[in-house]
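Novice: Build me a model:
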Amino acid sequence: MFCARGYHGVGVDEIAGAVGITGPAIYRHFPNKYAMLVHATRELSDTVRTTVDRALADSDDPRTQLDSVLDALATLSVDQRRVGGLYQWENRYLDAAHRAEFRNELGALVGRVAQLVTALRPELSAPVARLFTRAAFSALASLATHRAPISRSRAADLLRRAGWALLTTDVPVPSSLSSVRPTVPVEPLAGPADPAAGQADGNNRREAVLATAIRLFHLHGYHAVGMEDIGRAAGLHASSLYRYFPSKADLLAAAYHRAADQLSASTTASLGSAASDQDALRGLVESFVDLTFSQRDLVAVYLAENNNLPERDRHELRKIQRLQVDEWVRLLIGVRPELSPSEARVLVHAALNVVTDLGGSTDPAPPDAFRPVVTALALEPMRRA
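Specialist: Numbers count the residues shown, from 1 in each chain. As a prediction, the model looks like this:
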């Protein structure tokens with residue numbers, strides 16, 4: 001229910017009703033809703049770790065072990081499709097300690113699989129093997145980010161092959177990445193915005209308010225941020241915000257329209273300058289990478305807060321999102337006509353997830369250090385899976 005409707009969109013009584021008990025009875029099992037979220041993320045982590053452990057126990061040969069890991073995780077992704085989104089969306093509602101626990105668990109799993117990659121490909125440095133492994137994990141987990149219909153067996157096979165494509169990729173990697181140590185993501189505190197923003201007039205001030213709201217929505221989630229928080233961070237009284245946006249919901253809608261407009265503009269530019277479907281597809285990937293890396297807060301909010309949009313905007317924006325994906329799918333089928341539309345859609349979402357996961361990360365290096373590599377990595381599952 002958290003994944004389908006958002007953490008704040010689900011009440012304790014609804015959860016109790018879904019499992020056939022009364023609201024008060026649920027507190028015999030969990031002290032509050034937050035405890036359920038912590039338990040759910042731990043359960044997801046435990047399931048993934050156990051799956052990897054079992055796959056690694058099958059053999060001592062790195063290639064066989066990697067094949068077993070990819071096959072097991074692809075199958076798990078299909079089986080856990082309805083709850084897998086916890087890793088991407090809902091863990092931001094955890095407090096700092098629980099968030100670190102979740103990330104450390106995922107980081108440890110990435111490290112174990114990356115060791116197999118370096119054993120199989122000794123020419124790779126540890127940071128580069130880790131980068132390829134993280135990309136593979138993102139592709140494998142991507143099924144939880146969309147609802148495109150596809151058979152279970154075909155989905156598992158596509159995801160497994162996408163993982164292999166990313167682990168065996170020969171995309172060029174800057175030598176500077178070879179000596180970089182993994183870093184731990186540091187989340188900035190939500191302090192005041194640039195003082196100049198508070199002195200801006202008209203459209204400039206409106207832009208400053210919107211940028212501040214997007215940053216806070218990304219850091220804390222839409223429901224945890226009030227107009228007072230946005231005003232304080234923007235250097236304005238909360239009452240002044242209503243000159244520019246009638247409500248917090250209108251701020252969120254403005255953020256979505258901003259992202260949709262930029263994606264539409266980049267799509268038009270890519271299609272207009274391309275000489276072939278392959279050129280157009282690469283152009284779409286490059287423009288999406290540029291947007292993701294240059295406006296991480298905006299893209300993160302665009303991906304995570306759909307359920308909180310006002311009804312009047314939700315349907316329109318979902319249609320825009322589908323049309324964007326449809327364009328990628330059309331081009332991919334033009335490049336690889338052997339793919340069915342459902343297969344192409346799964347691979348497109350895998351590519352999108354690789355970009356958004358790596359674009360908001362500092363592992364194995366500050367994002368701009370490996371930004372040029374991400375375009376090539378995103379193309380790999382669509383090209384070879």
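
Novice: which SS class is the nearest residue to His39 once chain neighbours are set aside?
Specialist: In space, and not counting its chain neighbours, His39 is closest to Phe30: 7.0 Å by CB to CB, 6 or more residues apart in numbering. C-betas here are computed from N, CA, C, even on glycine. Going by DSSP: H, G, I helix; E, B strand; the rest coil, the secondary structure assigned to Phe30 is coil.

Novice: does Phe30 really touch Val38, like I thought?
Specialist: No. If you go by CB atoms under 8 Å, Phe30 and Val38 don't touch, sitting 9.1 Å apart.

Novice: which intervals of the protein have sub-threshold pLDDT?
Specialist: Across the chain, residues meeting the criterion (pLDDT under 70) sit at 88-91, 176-203, 360-369.

Novice: do that again at 80, thanks
Specialist: 87-92, 174-203, 238, 360-371 (pLDDT under 80).

Novice: Quickly list the domain ranges of it.
Specialist: What the record gives for the chain is the domain set 2-179, 243-384, from automatic domain parsing.

Novice: So between Phe30 and Val38, which is more surrounded?
Specialist: Val38 (19 against 15; other CB atoms under 10 Å).

Novice: helix or strand for Phe245, which one?
Specialist: Assigned by DSSP states H and E, Phe245 falls within no helix or strand.

Novice: so who does it touch?
Specialist: With contact set as CB atoms under 8 Å, 6 or more residues apart in numbering, Phe245 has these partners: Arg206, Val209, Leu210, Leu251, Ala254.

Novice: quick one: which of the residues you listed is nearest to Gly23?
Specialist: Closest to Gly23 out of the contacts of Phe245 is Leu251 (32.5 Å), distances taken as CB to CB.

Novice: Surely that closest one and Ala211 touch.
Specialist: No. With contact defined as CB under 8 Å, Leu251 and Ala211 do not form a contacting pair (10.6 Å).

Novice: Compare these two and say which is more crowded by neighbours.
Specialist: Looking at Leu251 and Ala211 with other CB under 10 Å, you find the greater number of neighbours at Leu251, namely 23 against 20.

Novice: Quick check: the more buried one vs Val301, distance?
Specialist: When CB to CB, to the nearest Å is the yardstick, Leu251 and Val301 sit 10 Å from each other.

Novice: Please enumerate the shared neighbours of these two.
Specialist: Taking CB under 8 Å, 6+ apart as the contact criterion, no residue touches both Leu251 and Val301.

Novice: burial measure for His39, as a count.
Specialist: Neighbours of His39 under the rule other CB under 10 Å: 12.

Novice: Ok, Arg243 next?
Specialist: When counting by other CB under 10 Å, one arrives at 11 neighbours for Arg243.

Novice: ok, now the one 4 residues further on?
Specialist: A count of neighbours around Ser247, defined by other CB under 10 Å, yields 12.

Novice: Now do the phi/psi pair for it.
Specialist: Phi and psi for Ser247, reported as degrees, to the nearest 10, are phi -160, psi 170.

Novice: Against Ala238, how distant is it?
Specialist: Going from Ser247 to Ala238 by CB to CB gives 12 Å.

Novice: do the same with Ala25
Specialist: Using CB to CB, one gets 40 Å for the distance from Ala25 to Ala238.

Novice: between those two, who's got more neighbours?
Specialist: In this view Ala25 and Ala238 are compared by other CB under 10 Å, and Ala238 has more residues nearby, 14 against 11.

Novice: Excluding residues flanking it in the chain, which one is nearest that one?
Specialist: Nearest non-adjacent residue to Ala238, counting by CB to CB, 6+ apart: Gly231, 3.9 Å away.

Novice: Now do the contacts for the one you found.
Specialist: Contact partners of Gly231, counting by CB under 8 Å, 6+ apart, are His237, Ala238, Ser239, Ser240, Leu241.

Novice: And for the closest residue to Gly23 other than its chain neighbours, the neighbour number?
Specialist: Closest residue in space to Gly23, ignoring its immediate chain neighbours: Asp13 at 4.1 Å, by CB to CB, 6+ apart. The burial count assigned to Asp13 is 12, neighbours taken as other CB under 10 Å.

Novice: For the helix or strand encompassing Asp13, buried residues please.
Specialist: Using DSSP H and E, the element containing Asp13 is helix 12-18. Residues of helix 12-18 classed as buried by neighbour count (16 or more other CB atoms under 10 Å): Ile15, Ala16.

Novice: The stretch 1-150 of the chain: helices as residue ranges?
Specialist: If you assign secondary structure with DSSP state H, counting those that start in this stretch, the helices in the stretch 1-150 of the chain sit at 2-5, 12-18, 33-56, 62-79, 96-120, 126-141.

Novice: Is it possible to get JSON lines of those that adds distance to Val325?
Specialist: Formatted as JSON lines, the entries for those read as follows, by distance: least, CB to CB, whole Å:
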{"stretch": "helix 2-5", "distance to Val325": "19"}
{"stretch": "helix 12-18", "distance to Val325": "30"}
{"stretch": "helix 33-56", "distance to Val325": "25"}
{"stretch": "helix 62-79", "distance to Val325": "19"}
{"stretch": "helix 96-120", "distance to Val325": "26"}
{"stretch": "helix 126-141", "distance to Val325": "16"}
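
Novice: Can you tell me which of these is most buried?
Specialist: helix 126-141 (a mean of 26; mean count of other CB atoms under 10 Å).

Novice: Just after that helix, pick out the following helix or strand.
Specialist: Following helix 126-141 in sequence order, the next helix or strand is helix 152-167 (DSSP H and E).

Novice: how big is the angle separating that next one from helix 62-79?
Specialist: 140 degrees (axes from the mean of the first three to the mean of the last three CA atoms, to 10 degrees).

Novice: Tell me the buried residues within the contacts of Gly231.
Specialist: Leu241.
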